[in-house]
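Novice: The following comprises the amino acid sequence and a computationally predicted model.
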Amino acid sequence: MKNLLALIPVLLLFFSSCSDDNAKPKEITLEVSKNELLFSSGGGNAFFDISSNDSWIITQIPAWIEIDVTEGEGDLRIRLIAEVNPKEEERSATIKITATDKYKEILIKQSAKNVTLSLSEAELIFAAEPTAAGLTFDIATNESWIITDIPDWCTLSEESGDENATITVIVEKNYIDTEREAVIYVKAGSKTEELKITQEALEIQLAFGEAGYPEYTSSNKMQRFDFYENSGDLSVLIKSNTKWTVASDSEWCIPDREDGIEDGTLAVNVGENTTSADRTGEITISAGTKSLKVLVKQGGLIQVDETNPYQINKRDNAPRIGDILRKKQVNYVDPGNAGENVTWNFSSLTVTNNDYKIEYSAAPTQLNYNDPYIPTYIMGYDKFDITEPEANSLFICTEYYTMYYFQIKNNLLNALGHENPVTKLQYNPRMISDKYPTYYNDTYKYDYETNGYYSGTEKIETEGYKEMKADGYGTIVLPSGTYNNALRIKYVQRIEEEIFNGVSYVDYIREYTTYKWYVKGYRYPVLEIYRIVDLNSGTELSKQGFYYPPTDHTYLQNTRNVNVNATTIKGMPHKEFSREESILPIMQLK
């Protein structure tokens, strides 16, 4: 009972407090953590906090703002998401947060769009002859753009677009020798950027090409063509990137055109030389300050004593460039007697090689770096200015892996030297191999010396002489038939050199004896027999022969415009010969 009485004051105080609450209204509270929110032009997120003891709602939200929660109760963090501002001006709005009779306002601002525009290049420089792919530049921007002031010699892959882009610019070829330029403008919003387009002046190209090799151009500015006295034609391939003109200094060298453009072929007709004098003509191809030269050298008529059948002469017997001989190698036979009206019977020859090839070719040229308009002929150790040698005078005889270098000068067939994979020699004084004309009973003897190397390191020095005598004429009987008007020439070549025998140096002497039979009407010997002897010991080192059947020759009275595969003589078709002798009036010395 005593405990119950103690609780009475507490209960009275509780009921008194409840009576006071019911009588006093509730006070609404509303607070926000920020009164201003700022967004960049690129948009993004922002946050603010609501503190309240009541329910609330957010209103006046602009279209470019997204709010994750627009109404709620009590305390809460609110996220706002702003879109990108597409305009170059600031924008703002005020949102309102209301809780019963209380409200708060927050100012929202978004900065103006900062239009950016930049180009990856300030200038594009094109070659006069641009590539088909063109050149590119990049547009970096956050706004739509347009390109203006495009020149008519330029093509752009795009002329307008949105935001970033890579633009390809293609320009036409500049055919003139002066530079050209233009400025194009790229505009995005209020921004403008310039791009300069420059195209270089045409650097004129003019060079000789080679048929079958479209990418090849020669560094030589001169080409030489040699003709015999007959008329003929030549052609050269011109490689150029612009227009060119043609001029001839000789009325007997007639070009087929006066001008051309870019790559083209120039053909020239060379008239017949009816005089005994050699002649030289020059054709000039010009483009701007550049030019090419075509040098034409033509031999004159060679006078021959037609009454004497027993001779060799330059017109009928000098080797000719382009001839390919296929001889038959035979066993050695006794050369028989010298003298007049001799009959040499070689009707039975034993063939050991049915296809022994000999080829006569033009001297190769090498660029003269001091003067590209005057290339150099290379003949072993000898070099010749391309303008100097007489027409048809330089040639190479290739035989059994060896190249023999020759020059016809002053009616002498000069051997200049020879080389093969292991030996390279120069003859100086020159070794005289033939003299034109040579008649029956003529005798000549010339000394010569050689210098060179074996395997490129071991020095070789020899000396000797070569003696020639036309020691017989008459009739020669061969397996292919009997031939009159045959002239035999005996050649004796002596070679002396000093060699070390293990104890001391001794003279080593060899002697080459060769007999050649020429038949009137045929350029090359029909039969050759040679023998090599070591004069120190008297030992025979080698002997053999070469048979070149007259049936495989082209008869010299019918050599004009000969087809190298099948020949017609006096209206009668002949078989396709094993020979490839081409006695044509024109050959190019490359």
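Specialist: Everything's here; your move. Residues are numbered from 1 along each chain as shown.
Novice: Give me the neighbour count for Ala165.
Specialist: When neighbours are counted by other CB atoms under 10 Å, Ala165 registers 17. Placement of C-beta: from N, CA and C, glycine included.
Novice: Please list all residues in contact with it.
Specialist: 138-139, 145, 158 (CB atoms under 8 Å, 6 or more residues apart in numbering).
Novice: Val270 too?
Specialist: Per CB under 8 Å, 6+ apart, neighbours of Val270: 225, 227, 231-234, 252-253, 281, 296, 298, 586.
Novice: ok, now Val506?
Specialist: Val506 touches 498-499, 536, counting by CB under 8 Å, 6+ apart.
Novice: helix or strand right after the helix or strand it falls within?
Specialist: Using DSSP states H and E, Val506 falls within strand 505-519. Counting by DSSP H and E, the next helix or strand C-terminal to strand 505-519 is strand 527-534.
Novice: Adjacent strands (with direction) for that next one?
Specialist: Sheet pairing of strand 527-534 (DSSP bridges) gives strand 505-519 (antiparallel), strand 539-547 (antiparallel).
Novice: quick one: average confidence on that strand?
Specialist: For strand 527-534, mean pLDDT rounds to 96.
Novice: quick one: which of the contacts of Val270 sit in strands?
Specialist: Counting by DSSP state E, the contacts of Val270 place 225, 227, 232-234, 253, 281, 296, 298, 586 in strands.
Novice: closest to Leu117 among those residues?
Specialist: Nearest to Leu117 out of the ones in strands among the contacts of Val270 is Leu234 (CB to CB; 61.8 Å).
Novice: wait, isn't the closest one in contact with Val268?
Specialist: Yes. Counting by CB atoms under 8 Å, Leu234 does reach Val268; the two are 5.0 Å apart.
Novice: Can you check which residues contact both of those two?
Specialist: Contacts common to Leu234 and Val268, judged by CB under 8 Å, 6+ apart, are 294, 296.
Novice: Now for the ones in strands among the contacts of Val270, which sits with the most neighbours around it?
Specialist: For the ones in strands among the contacts of Val270, the largest number of neighbours (other CB under 10 Å) sits with Gln298, at 29 neighbours.
Novice: can you list the strands paired with strand 527-534 in CSV and add mean pLDDT and distance to Lys490?
Specialist: CSV is the format used below for the strands paired with strand 527-534 (pLDDT from 0 to 100; distance: least, CB to CB, whole Å):
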stretch, mean pLDDT, distance to Lys490
strand 505-519, 93, 6
strand 539-547, 95, 14
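Novice: Relative to Ile97, which of those strands is closest?
Specialist: It is, among these and with distance given as CB to CB, strand 539-547, at 120.1 Å.
Novice: which parts of the closest one are buried?
Specialist: Neighbour-count burial for strand 539-547, with 16 or more other CB atoms under 10 Å as criterion, is recorded at 544-547.
Novice: picking that back up, going by neighbour count, which of the contacts of Ala165 are buried?
Specialist: By 16+ other CB under 10 Å, the contacts of Ala165 give 139, 145 as buried.
Novice: Okay, and which of the contacts of Ala165 map to strands?
Specialist: Among the contacts of Ala165, the members found in strands (DSSP E) are 138-139, 145.
Novice: And those, which is closest to Arg488?
Specialist: Arg488 has its nearest neighbour among the ones in strands among the contacts of Ala165 in Asp138, at 86.6 Å by CB to CB.
Novice: if I pick the closest one, what's in contact with it?
Specialist: 119-121, 164-167.
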